[in-house]
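>>> the following comprises the amino acid sequence and a computationally predicted model.
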Amino acid sequence: METQQKFYKKILRFDEYSDLEIKELESKLFNYYNDVTDYSAFNKISNHFIHWDIINNDIKKIKKKLSVLEIGAGRSGYFQYLKKAKY
């Protein structure tokens with residue numbers, strides 16, 4: 001679990017990335033989705049509640065309204081998770 005927390009705490013706000021970093025990320029994402037043959041994220045709604053619990057516990061501490069952009073592809077279950085958790 002500690003590794004998961006270290007990962008997401010390195011994420012910056014979008015405006016903190018340079019144009020070059022954004023273009024590099026875009027290129028990496030394009031190449032990944034263009035080359036992968038076994039990506040199954042569109043087959044069913046995701047359920048990453050273990051990760052979402054960690055992130056949402058920190059979000060609760062902020063005590064103000066936030067907008068959340070979930071980055072990725074596939075069928076996200078995050079909205080359903082938030083509804084069930086009554087956020």
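Received the coordinates, thanks.

>>> and the helices in this protein?
2-9, 19-35, 49-62, 78-85 (DSSP state H).

>>> low-confidence ranges, this protein, go.
Residue ranges of the chain with pLDDT under 70: 1-11, 42, 69-73, 87.

>>> dump the helices of the chain to a markdown table, plus mean neighbour count and distance to residue 43.
C-beta here means a position set from N, CA and C on the backbone, and glycine is covered the same way. Below are the helices of the chain laid out as a markdown table (neighbours: other CB atoms under 10 Å; distance: least, CB to CB, whole Å):
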| stretch | mean neighbour count | distance to residue 43 |
| --- | --- | --- |
| helix 2-9 | 10 | 23 |
| helix 19-35 | 10 | 15 |
| helix 49-62 | 13 | 18 |
| helix 78-85 | 13 | 16 |
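
>>> out of those, flag the one nearest residue 41.
helix 19-35 (9.9 Å; CB to CB).

>>> CA-only coordinates of that closest one in CSV, if you can.
Extracted C-alpha coordinates of helix 19-35, given in CSV (Å, rounded to 0.1, in the frame of the first residue of the first chain):
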residue,chain,number,x,y,z
ASP,A,19,4.4,21.7,-22.7
LEU,A,20,7.2,19.3,-23.5
GLU,A,21,6.3,16.9,-20.7
ILE,A,22,2.7,16.9,-21.8
LYS,A,23,3.7,16.1,-25.4
GLU,A,24,5.9,13.3,-24.2
LEU,A,25,3.1,11.8,-22.1
GLU,A,26,0.7,12.1,-25.0
SER,A,27,3.2,10.3,-27.3
LYS,A,28,3.8,7.5,-24.7
LEU,A,29,0.0,7.0,-24.3
PHE,A,30,-0.6,7.0,-28.0
ASN,A,31,2.2,4.4,-28.6
TYR,A,32,1.0,2.2,-25.7
TYR,A,33,-2.6,2.1,-26.9
ASN,A,34,-1.5,1.7,-30.5
ASP,A,35,0.8,-1.3,-29.8
